[in-house]
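Enquirer: sequence first, then the predicted structure:
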There are 2 protein chains.
Amino acid sequence: MELLKQRILQDGQVRQGGILKVDSFLNHRMDIPLLRAIGQEFANRFAGEQVDTILTIEASGIGVAAITSLYFQEVPVVFAKKTQSKNLDGALYTAPVHSYTKGVDYTIQVAQQYLKKGDRVLILDDFLANGQALQGLLSIVEQAGAVAVGCGIVIEKGFQPGGAMLRERGVHLESLAILSSIADGQITFA
Amino acid sequence: MELLKQRILQDGQVRQGGILKVDSFLNHRMDIPLLRAIGQEFANRFAGEQVDTILTIEASGIGVAAITSLYFQEVPVVFAKKTQSKNLDGALYTAPVHSYTKGVDYTIQVAQQYLKKGDRVLILDDFLANGQALQGLLSIVEQAGAVAVGCGIVIEKGFQPGGAMLRERGVHLESLAILSSIADGQITFA
């Protein structure tokens, strides 16, 4: 997606440890016209697929998923929670996830009543690196007996193993920008 | 906002400890057509106000804010972060917040570069109870030398002190549904 790549080149900032900061438009301040273009592009990439629910994970996935829903007949967006809350009771699907960015392990949770057997689920997230979060979300879809139509990612770090692993599993994975390297502060795309 | 009140009566669930669960449409599964109606209503309530940036707080505020931006000329949405992240560096505005729902204290953070002196900021959140999160966000707007145009809340717990405290301070506070009581599992509006 050319518009996104240009924006990454213009405003992305490379930090030590393989971190690409895009918080000026994606995951701290959200550029809404860009998110609409991203949503439209996901609709193109998954054209013809019936989608009943969009599933994402808090926090950075929520904006992308909410705006993308506009291009999928405004289907409901469920976001997996990372923390315990008094607001989340009843039966839950859970999966363990390790975050390399934050250096912690956590359990993601989705209330069972919001994913039904046979539901066609599009999974969305802002970043794909090691694939831990997507694996957790795919596990939850499987536990529900729902069908993962595919995974839509805004930025994939192609130099980390998540994307290859998921494609080998046969997941329909669409990443709108795939980085081949951010070594030496230089951003290049696959 | 009648549509919202009807939805709360239909799908809201009262839990012990003054908790109203609305996760079927607002803060776990998001009903996107309802969020659009909420965004439109905020636009009506703050009609005539120039808004440069919408400020909210992760995680449940993000969906409301992203969709509401569509009705405010798609201005950028900044969401305050509750946790440390390797993605958040540089100079930060911070404020302490106590969450009664989760029973924890945390520090909310906004990168200084995303709130400029004189910016006209609309603060949005899903719930208002004790007003801790809004006070933190207002403090951050003040630290930035920006101007808080007002605060838009989806559901205010009118039986808790946050709303009265903020109105006494002169904050332009617009709550789309104000609960007067959820005692004995009975939901009533102010």
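Expert: Great, that's in hand. Numbering: from 1, shown residues only, chains lettered A, B, ... in the order given.

Enquirer: ok, now which ones touch the residue nearest in space to the middle of chain A?
Expert: Centroid check for chain A by Cα atoms, centre = their mean gives A:Asp125 as the closest residue, at 1.1 Å. Applying Cβ atoms under 8 Å, 6 or more residues apart in numbering or on different chains, we find A:Asp125 in contact with A:56-57, A:60-61, A:64, A:133-134, A:137, A:151-154. C-betas here are computed from N, CA, C, even on glycine.

Enquirer: in chain A, where's the longest strand?
Expert: Scanning chain A for the strand with the most residues, using DSSP state E, yields strand A:147-157.

Enquirer: that strand and chain B, are they touching?
Expert: No - figure legend: strand A:147-157 not in contact with chain B (Cβ under 8 Å from any Cβ of the partner chain); closest approach 12.1 Å.

Enquirer: can you list the strands that that strand pairs with?
Expert: strand A:120-128 (parallel), strand A:173-181 (parallel) (DSSP bridges).

Enquirer: so how far is it off the chain centroid?
Expert: 6 Å (Cα atoms, centre = their mean, to the nearest Å).

Enquirer: where is pLDDT lowest across the contacts of A:Asp125?
Expert: For the contacts of A:Asp125, the minimum pLDDT belongs to A:Ser60; the value there is 93.

Enquirer: leaving out the residues flanking it, which one is nearest to that one?
Expert: Nearest non-adjacent residue to A:Ser60, counting by Cβ to Cβ, 6 or more residues apart in numbering or on different chains: A:Asn27, 3.9 Å away.

Enquirer: and if you look at A:Ala95?
Expert: Excluding the flanking residues, the one nearest A:Ala95 by Cβ to Cβ, 6+ apart is A:Gly136, at 3.7 Å.

Enquirer: surely that neighbour and A:Tyr93 touch.
Expert: No - here A:Gly136 does not reach A:Tyr93: they are 9.9 Å apart, not a contact under Cβ atoms under 8 Å.

Enquirer: quick one: list the elements packing against the lengthiest helix in chain A.
Expert: For chain A, the helix that runs over the most residues, judged by DSSP state H, is helix A:32-45. For helix A:32-45, the packing partners by 3 or more Cβ pairs under 8 Å, 6 or more residues apart in numbering or on different chains; DSSP states H and E come out as helix A:2-11, helix A:60-69, strand A:147-157, strand A:173-181, helix B:60-69.

Enquirer: try 6 Å this time
Expert: Helix A:32-45 sits against helix A:60-69, with contacts defined as 3 or more Cβ pairs under 6 Å, 6 or more residues apart in numbering or on different chains; DSSP states H and E.

Enquirer: dump the helix it packs on to CSV, restricted to CA.
Expert: Presented in CSV, the C-alpha positions along helix A:60-69 are these (Å, rounded to 0.1, in the frame of the first residue of the first chain):
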residue,chain,number,x,y,z
SER,A,60,-3.4,-0.2,19.2
GLY,A,61,-5.6,-2.6,17.1
ILE,A,62,-8.8,-0.9,18.2
GLY,A,63,-8.7,2.2,16.1
VAL,A,64,-7.7,0.3,13.0
ALA,A,65,-10.5,-2.3,13.5
ALA,A,66,-13.2,0.3,14.3
ILE,A,67,-12.5,2.3,11.2
THR,A,68,-12.0,-0.8,9.0
SER,A,69,-15.4,-2.1,10.1
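
Enquirer: report whether the following helix or strand past it contacts chain B.
Expert: Downstream of helix A:60-69, the first helix or strand assigned by DSSP states H and E is strand A:77-80. Yes - against chain B, strand A:77-80 shows contacts by Cβ under 6 Å from any Cβ of the partner chain at A:77-78.

Enquirer: from B:Gln113, how far off is the closest residue to A:Phe42 other than its chain neighbours?
Expert: Counting by Cβ to Cβ, 6+ apart, A:Gly152 is the residue found nearest to A:Phe42 once chain neighbours are left out, at 4.5 Å. Look at A:Gly152 and B:Gln113: by Cβ to Cβ, to the nearest Å, they are 29 Å apart.

Enquirer: who has more neighbours out of these two?
Expert: Neighbours per residue (other Cβ atoms under 10 Å in any protein chain shown) separate A:Gly152 from B:Gln113, with A:Gly152 holding more: 27 against 13.

Enquirer: hey, what's that one bridged with?
Expert: With DSSP bridges as the rule, A:Gly152 is bridged to A:Leu124, A:Glu174.

Enquirer: does it really touch A:Glu41, like I thought?
Expert: No - A:Gly152 lies out of contact with A:Glu41 (Cβ atoms under 6 Å); the separation is 8.7 Å.

Enquirer: which strands and helices lie in contact with the helix or strand in which A:Ile108 is found?
Expert: A:Ile108 belongs to strand A:104-111 when assigned by DSSP H and E. If you count contacts as 3+ Cβ pairs under 6 Å, 6+ apart, strand A:104-111 packs onto strand A:92-99.

Enquirer: partner strands of the strand it packs on, with direction?
Expert: Sheet partners assigned to strand A:92-99 using DSSP bridges are listed as strand A:104-111 (antiparallel).

Enquirer: starting at the chain centroid, how far to the partner strand?
Expert: Averaging C-alpha positions (Cα atoms, centre = their mean) puts strand A:104-111 15 Å from its chain's average.

Enquirer: quick one: contacts of it?
Expert: Strand A:104-111 has contacts (Cβ atoms under 6 Å, 6 or more residues apart in numbering or on different chains) with A:80-82, A:90, A:92-98, A:136, A:140.

Enquirer: what do you get if the cut-off is 7 Å, keeping everything else the same?
Expert: With contacts defined as Cβ atoms under 7 Å, 6 or more residues apart in numbering or on different chains, strand A:104-111 is touched by A:57, A:78, A:80-82, A:88, A:90, A:92-99, A:136, A:140, B:23, B:28.
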